[in-house]
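Asker: What follows is a predicted structure for the sequence shown.
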Amino acid sequence: MPEPETPATPVTFPPAFLWGAATSAYQIEGAVREDGRTPSIWDTFSHTPGKTAGGEHGDIAVDHYHRFRDDVALMADLGLTAYRFSISWSRVQPTGRGPAVQRGLDFYRNLVDELLAHGIKPAVTLYHWDLPQELEDAGGWPERDTAYRFAEYAQIVGEALGDRVEQWITLNEPWCSAFLGYGSGVHAPGRTDAAASLKAAHHLNLAHGLGTSALRAAMPARNSVAISLNSSVVRPYSQDPADLAAVQKIDDLANGVFHGPILHGAYPETLFAATELITDWSYVQDGDLAAIKQPLDALGLNYYTPALVSATDPDSDGPRADGHGASSHSPWPGADDVAFHQTPGERTEMGWTIDPTGLHDLILRYTREAPGLPLYITENGAAYDDKPDPDGRVHDPERIAYLHGHLRAVRRAIADGADVRGYYLWSLMDNFEWAYGYEKRFGAVYVDYATLARTPKSSALWYGQAARSGTLPPVASAE
């Protein structure tokens, strides 16, 4: 169960700890047809009837493309010391290949300059799910060539921004790209092919390795290259051997499929055994694992909620509450004999159980998986049904309690020996939440979608106090 969230003694972080917030391009930028940008798979998916809540899309989103200077000023007012954002690939390389569109790069150059002018450290994510549609038309991530196209794109962006941006992340949550995009189909491009999802996972790994090499060739040696994984904390429903075997299967598909080759240069043998009826893995070519296992400068971890699994009769209608959207297709290839259960405890608006102990466990796991590798929490946050009061203020005490509990878990992991260097709250502001449209509000800043006015919620003010002082304020201090 989650530990109490009101410690008797102050919770203070190391002086150099980064206090950031995160966003992604398609969720906030808008301006989808300006300055040479062409459609990504999320433009296509969100404009396909029935794919997103209310048929909503990111055409305007929260118009960050035109309002970025005000948004950076807001970050500075809140006291943030870091900002993680992603690059729209099709804004930089409209077809996913060939020369860059300088107008697209100029937007990011100007954003970086604005951040630096306000004393905010930029962290660039190269890929947050918005593959250029032209590359998807050529086969997408199941095609090996997409990995090579990504390396070319990484070189372009590294050359353009590498003199001013020190923190780089190749991919955000490749699990979602592979298994929600090509397996269950609840994310773009909406394909439902188990074999294709495993091929996509391998080619995303290859893209990370090739992209890392391309970045290092294009940038100063001082820069840091990482990847952000949404690694799952997978727990057994019981200690029955069948339930423990279910944990192994999901752990391989959620975690080992990525950290195996990226950190250790090998896929888990148990993963091959579980998926042998789906794919023969012949697309893993000689030299691929060496290309993937590039030395990292840091590792990003994204965490929201743990998973609770058990074995089940594959012919039964057992629970499959895996928290990844409604679909008759599973995002877990080869795991039809595994059931997902709702973990006990309070839940966010997403239906995800609030459990900071999972974040602590995740950090310590990767402290063991990659000894000596600095860690960043590159996403963590919660959606709630936030509404302004009659005075226009937005009080969100549930989010403050959520952040307090999870930041305490981070600090406890540091005390237990983990080298965690920063925390990026998801998200800076309310935005387009993928297939959920605009229904789910993760932001610390409230956005009125009719006017696009920004209003810091009480959680933003609380988090700003933490960023300025390096110490967690009491949970009621922003109220």
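Answerer: It's in. Numbering: from 1, shown residues only.

Asker: And the next helix or strand past the longest helix along the chain?
Answerer: Counting residues, the longest helix found in the chain (DSSP state H) is helix 194-218. Tracing the chain C-terminally past helix 194-218 and defining elements by DSSP states H and E, one meets strand 224-229 next.

Asker: which other helices and strands contact the longest helix of the chain?
Answerer: Packed against helix 194-218 by the contact rule (3 or more CB pairs under 8 Å, 6 or more residues apart in numbering; DSSP states H and E) you find helix 145-161, strand 167-172, helix 174-175, strand 224-229, helix 257-259, helix 288-292. Glycine gets a C-beta too; all of them are placed from N, C-alpha and C.

Asker: do you know which of those lies nearest residue 351?
Answerer: Of all the helices and strands packed on helix 194-218, helix 174-175 sits nearest to residue 351, with 18.9 Å by CB to CB.

Asker: wait, what's in contact with residue 243?
Answerer: 236-237, 309-311 (CB atoms under 8 Å, 6 or more residues apart in numbering).

Asker: how does it look with 7 Å?
Answerer: Counting by CB atoms under 7 Å, 6 or more residues apart in numbering, residue 243 touches 236-237, 310-311.

Asker: May I have the phi/psi pair for it?
Answerer: Phi and psi for residue 243, reported as degrees, to the nearest 10, are phi -70, psi -40.

Asker: This structure: strands as residue ranges?
Answerer: Counting by DSSP state E, the chain has strands at residues 18-22, 82-86, 121-127, 167-172, 224-229, 234-236, 299-302, 307-311, 338-341, 375-380, 420-426, 445-447, 454-456.

Asker: so which of these gets nearest residue 92?
Answerer: Evaluated over the strands of the chain, closeness to residue 92 peaks at strand 121-127, with 9.6 Å, by CB to CB.

Asker: Contacts for that closest one next, please.
Answerer: Residues from elsewhere that reach strand 121-127 (CB under 7 Å, 6+ apart): 18, 20, 81-87, 89, 112, 115, 150, 154, 157, 161, 165, 167-172, 211, 228.

Asker: 8 Å instead, please
Answerer: Strand 121-127 has contacts (CB under 8 Å, 6+ apart) with 18, 20, 24, 81-87, 89, 108, 111-112, 115-116, 150, 153-154, 157, 161, 164-172, 177, 207, 211, 228, 378, 424.

Asker: re the thing from before, taking the contacts of residue 243, please make a ChimeraX selection of just the buried ones.
Answerer: To isolate the buried subset of these in ChimeraX, counting by 16 or more other CB atoms under 10 Å, use the following:
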select :236,237,310,311
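
Asker: As JSON lines, the contacts of residue 243 with pLDDT and distance to residue 186 would be great.
Answerer: Formatted as JSON lines, these follow (pLDDT from 0 to 100; distance: CB to CB, whole Å):
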{"residue": "236", "pLDDT": "98", "distance to residue 186": "26"}
{"residue": "237", "pLDDT": "97", "distance to residue 186": "24"}
{"residue": "310", "pLDDT": "97", "distance to residue 186": "23"}
{"residue": "311", "pLDDT": "97", "distance to residue 186": "24"}
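
Asker: Roughly how far does residue 335 sit from residue 441?
Answerer: Look at residue 335 and residue 441: by CB to CB, to the nearest Å, they are 32 Å apart.

Asker: higher neighbour count, the two?
Answerer: More neighbours surround residue 441 than the other of residue 335 and residue 441, with 27 against 23 (other CB atoms under 10 Å).

Asker: show me where the stretch 301-450 of the chain has helices.
Answerer: 356-369, 397-415 (DSSP state H, counting those that start in this stretch).

Asker: What is the distance between the longest one and the centre of its chain?
Answerer: For helix 397-415, the separation from the chain centroid amounts to 18 Å (computed by CA atoms, centre = their mean, to the nearest Å).

Asker: Then the shortest one?
Answerer: Its chain's C-alpha centre and that of helix 356-369 lie 17 Å apart, by CA atoms, centre = their mean.

Asker: cool, stretch 145-154 as well?
Answerer: The answer for stretch 145-154 is 20 Å, by CA atoms, centre = their mean.

Asker: which residues touch that stretch?
Answerer: 89, 92-93, 96-97, 126-127, 131, 135, 138-140, 170, 203-204, 206-207, 210-215, 218.

Asker: can you pull the buried residues of that stretch?
Answerer: Those would be 146-154, for stretch 145-154 by 16+ other CB under 10 Å.

Asker: among those residues, which two are most distant?
Answerer: 146 and 154 (12.5 Å).

Asker: Go ahead and confirm residue 17 touches residue 411.
Answerer: No - with contact defined as CB atoms under 8 Å, residue 17 does not reach residue 411; the gap is 9.2 Å.
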